[in-house]
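**Student:** give me a model of this one.
(2 chains)
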Amino acid sequence: MSAGPLEGVARFWRTAGAVGRMAETACRYGQTPRDPVAVRDGATLFRYRPTAPAADAAPLLIVHGLIGRAEVVDIDPDRSLIRALLARGLDAWMIHWGKPGRADRWLRFEDYALDRLGGFVADVKRETGRRPVVMGICEGGLFALCLAALEPEAPAGLVLAVTPVDCHADPTAGLTRLVRSFAPETLAGLIDHLGGLPGAAMGAAFQDLTPSRTLAKYTADLVRIHDEPDEIAHFLRMERWLADRPDHPAEAAKQLLIEIYHDNALVEGRFRLDGEPVRLSAVHAPTLAIWGARDHLVPPACARGAAGRVAGPYREVGVDAGHIGVFVSRRAGNAAAEAISALLTDQAVADRSRV
Amino acid sequence: VGDADALDALTRSWTRLWAETMRAQSDGFRALGEDSAEADALWRMAEAQADAARAMAATAARGAASAPGGAVLARFLDPAQWLFGGVGAPDPALRRLIAQPARQGFGREGLDASPEARALRRALNGHRAMVAAAFAEMADRYARAVDAAPPRTVEDAQTLWVEAAEALDALHASDAFLSSQAQVVAAALALRAAEAQATADWCAENGLASRAEVDALHRELAELRRELRALKRSLERP
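**Tutor:** The predicted model follows:
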């Protein structure tokens, strides 16, 4: 017998009930225990508590950009990349950038990549006696590349996760086309007017790239999981993570959107920090690129941009996932954890790691 | 209610009603794109209606047990989500960017009739025409799909609706849309710059610090801190 519209309407209300009833405690992300170790200008360095005997490996310092929070690697307790790394006996650290306000609008890549990230790398080295491998996620990978190019001895290795290195490699990429549709002076004027890039505005721009996906997400997809409490909880944790997107400081946003995205200055050797050119050929640290085959924000061709450009050994792993799915999908997370673990325990990386 | 034929007939009648409603609105969507005072008034009415619907959905969601649950529930219950492809809830900062200027206060009198305000209205009208045409196309696609294969469940109908929304994907990916959007932003920035200048003049006349002056102070502070850190680093080096 066809249930017809009655069952559909019932499912609609059951979905609303399931979403409305989900407890606050079930919607928290970033629950893996960790301790603050150092603070620099509002940014905090955390160290995760070990859960397994220590492996002989370089420590891992995770840094996200300012377009989201680094806890994307720790959204769900049962499919957390952080937990997978800790279970392998790895020593994991994370930088939390805090909440930049309008007064931070003059902060530049130099402040994030060289000063703060560079300072935290020194902190990890001091605490552990080993140089860390820096894992940069999205824009965080750009910070890591800049540091490795200008201070080649600082990191023992690099993980560039869904990092937009060659922004013109895929001319069909929605985000690149969106950015390049504006004149540089319009981008600068927009960022100045907004006092930076508000997190919510960035979220709206990302959603507008694929309206039908956004429509499906908040309607059909949600109804489909209405009787799966774990999936509803995951959905709400993701929503909280998305809503926590910080505002991006203005000057660093101009460097990202105009120089790196619009002009592709990084791969063309024209990107400069503190007056110094950032040359990818100066990166000698072993590098691992992780990219998502279905990533529409940073497509594979864009995320593989370090290949053939960095001087050190380069390897990569592609996973069948989107930009966020690389970290939150169980299958993709395992592949990423395997690849990261292999890099951290690689003999060349271990040797570079020792101070 | 247990009669399968009766239920199927009910399903068909509901989905046809939805499809015909969408089709009937096509002309209305197209009219929204016209460069006229009436179209402008229609947009404002549609926006006010959407705002009210969102406010009601948000009120209904206030009883949710969690903050993200409340936010998602507000979106889920928002009729625009189901009837208009989820589009129409722009970010507040971006809405302010393209808003017409306040008519008075802080030296902004008369700005709503300025060349910048007129240029923004023109750019917005052109952009709305494009969006309206895509909405019309979305409604037509849905109606055609329902005609071809009437859905038997709400889920089937929803799937057809999401597929119809690919008309919006195509719009947002088109060069014409990106170019029109860039024109709107450029026009909005010109108006906001005129507004900021008027406000800065008013601040100067009244002995108050302007936004630009406060920003300049922040800039100096950031540069001083950068220099201080560089100095510290050089002192720490052996």
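**Student:** local confidence estimate at the residue in chain A that chain B sits nearest to?
**Tutor:** Residue nearest to chain B within chain A: A:G8 (2.4 Å; CB to the nearest CB). In short, each C-beta sits where N, CA and C put it, glycine included. In this model, A:G8 is scored at 81, pLDDT.
**Student:** where along chain B do the helices fall?
**Tutor:** All helices of chain B, identified by DSSP state H, fall at B:4-32, B:37-61, B:67-77, B:79-83, B:92-97, B:115-148, B:154-164, B:166-173, B:175-205, B:211-236.
**Student:** quick one: is the last one near chain A?
**Tutor:** Yes - when contact is scored as CB under 8 Å from any CB of the partner chain, part of helix B:211-236 falls within range of chain A: B:215, B:218-219, B:221-223, B:225-226, B:229.
**Student:** isn't B:A182 right up against A:R180?
**Tutor:** No - using CB atoms under 8 Å, B:A182 makes no contact with A:R180, being 9.7 Å away.
**Student:** on that earlier part again, which stretch of helix or strand covers the residue of chain A closest to chain B?
**Tutor:** Following DSSP states H and E, the helix or strand that holds A:G8 is helix A:4-21.
**Student:** wouldn't the residue of chain A closest to chain B be in contact with B:T159 here?
**Tutor:** No - assessed by CB under 8 Å, A:G8 is found out of contact with B:T159, at 11.5 Å.
**Student:** between those two, who's got more neighbours?
**Tutor:** A:G8 (20 against 15; other CB atoms under 10 Å in any protein chain shown).
**Student:** show the contacting residues for that one.
**Tutor:** Under the criterion of CB atoms under 8 Å, 6 or more residues apart in numbering or on different chains, the contact partners of A:G8 comprise B:153-155, B:157.
**Student:** and those as CSV, adding neighbour count and pLDDT?
**Tutor:** Converted to CSV, the contacts of A:G8 look like this (neighbours: other CB atoms under 10 Å in any protein chain shown; pLDDT from 0 to 100):
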residue, neighbour count, pLDDT
B:T153, 20, 78
B:V154, 23, 77
B:E155, 17, 80
B:A157, 23, 83
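**Student:** find the nearest non-adjacent residue to B:T153, please.
**Tutor:** In this structure, B:T153 finds its nearest non-sequential neighbour in A:G8, 5.5 Å apart by CB to CB, 6 or more residues apart in numbering or on different chains.
**Student:** show me which residues of the stretch 151-300 of chain A sit near chain B.
**Tutor:** With CB under 8 Å from any CB as the criterion, the stretch 151-300 of chain A meets chain B at residues A:174, A:177-178, A:181-183, A:186, A:189-190, A:193-194, A:198, A:200-201, A:203-204, A:208-216, A:218-220, A:222-224, A:235-237, A:239-240, A:243.
**Student:** wait, a strand at A:T44?
**Tutor:** Yes - the assignment for A:T44 (DSSP: H, G, I helix; E, B strand; the rest coil) places it in a strand.
**Student:** these two touch, right, it and A:G98?
**Tutor:** Yes - in this structure, A:T44 sits in contact with A:G98. The criterion is CB under 8 Å, and the distance is 6.9 Å.
**Student:** and the residue of chain B that's closest to chain A?
**Tutor:** The minimum distance from chain B to chain A, using CB to the nearest CB, falls at B:V154 (2.4 Å).
**Student:** and the helices in the stretch 151-300 of chain A?
**Tutor:** A:174-180, A:184-194, A:199-208, A:211-218, A:220-224, A:229-243, A:250-254, A:300-303 (DSSP state H, counting those that start in this stretch).
**Student:** can you redo these as JSON lines with distance to A:E110?
**Tutor:** Supplementary listing: the helices of the stretch 151-300 of chain A in JSON lines, determined by distance: least, CB to CB, whole Å:
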{"stretch": "helix A:174-180", "distance to A:E110": "22"}
{"stretch": "helix A:184-194", "distance to A:E110": "17"}
{"stretch": "helix A:199-208", "distance to A:E110": "22"}
{"stretch": "helix A:211-218", "distance to A:E110": "35"}
{"stretch": "helix A:220-224", "distance to A:E110": "41"}
{"stretch": "helix A:229-243", "distance to A:E110": "28"}
{"stretch": "helix A:250-254", "distance to A:E110": "9"}
{"stretch": "helix A:300-303", "distance to A:E110": "23"}
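**Student:** let me know which of those is tucked in deepest.
**Tutor:** Per-stretch averages of neighbours, counted by mean count of other CB atoms under 10 Å in any protein chain shown, single out helix A:250-254 among the helices of the stretch 151-300 of chain A, with a mean of 25.
**Student:** contacts for that one next, please.
**Tutor:** When contacts are taken as CB under 8 Å, 6+ apart, the neighbours of helix A:250-254 outside the stretch itself are A:66, A:105-109, A:111-112, A:187-188, A:191-192, A:194-197.
**Student:** tell me the mean pLDDT for it?
**Tutor:** 97.
**Student:** do stretch A:163-172 as well
**Tutor:** Stretch A:163-172 shows a mean pLDDT of 96.
**Student:** do stretch A:143-150 and chain B meet?
**Tutor:** No - contact of stretch A:143-150 with chain B is not found when judged by CB under 8 Å from any CB; the minimum separation is 12.6 Å.
**Student:** and the contacts of that stretch?
**Tutor:** With CB under 8 Å, 6+ apart as the test, stretch A:143-150 has contacts from A:63, A:65, A:109, A:112-114, A:117-118, A:121, A:134-136, A:154-155, A:158-160, A:163, A:165, A:266, A:271, A:273, A:276, A:278-280, A:282-285, A:306.
**Student:** how about A:L81: what's its closest non-neighbour residue?
**Tutor:** What sits nearest to A:L81 in space, not counting adjacent residues and going by CB to CB, 6+ apart, is A:V73, at 4.1 Å.
**Student:** hmm, A:S80 and that neighbour touching each other?
**Tutor:** Yes - counting by CB under 8 Å, A:V73 touches A:S80, with 6.9 Å between them.
**Student:** these two: who's more crowded?
**Tutor:** Here A:V73 and A:S80 are set side by side on neighbour count (other CB under 10 Å), and the busier one is A:V73, at 28 against 24.
**Student:** check the offset of stretch A:339-350 from the chain's centre.
**Tutor:** The gap between the average C-alpha position of stretch A:339-350 and the chain average comes to 20 Å, counting by CA atoms, centre = their mean, to the nearest Å.
**Student:** and it, what's buried?
**Tutor:** A:339-341, A:343-346, A:349-350 (16 or more other CB atoms under 10 Å in any protein chain shown).
**Student:** could you export the residues you listed as a markdown table, including distance to chain B and pLDDT?
**Tutor:** Listed next are the buried residues of stretch A:339-350 as a markdown table, based on distance: CB to the nearest CB, whole Å; pLDDT from 0 to 100:
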| residue | distance to chain B | pLDDT |
| --- | --- | --- |
| A:A339 | 31 | 96 |
| A:I340 | 29 | 97 |
| A:S341 | 32 | 96 |
| A:L343 | 29 | 97 |
| A:L344 | 28 | 97 |
| A:T345 | 32 | 95 |
| A:D346 | 30 | 94 |
| A:V349 | 26 | 95 |
| A:A350 | 26 | 90 |
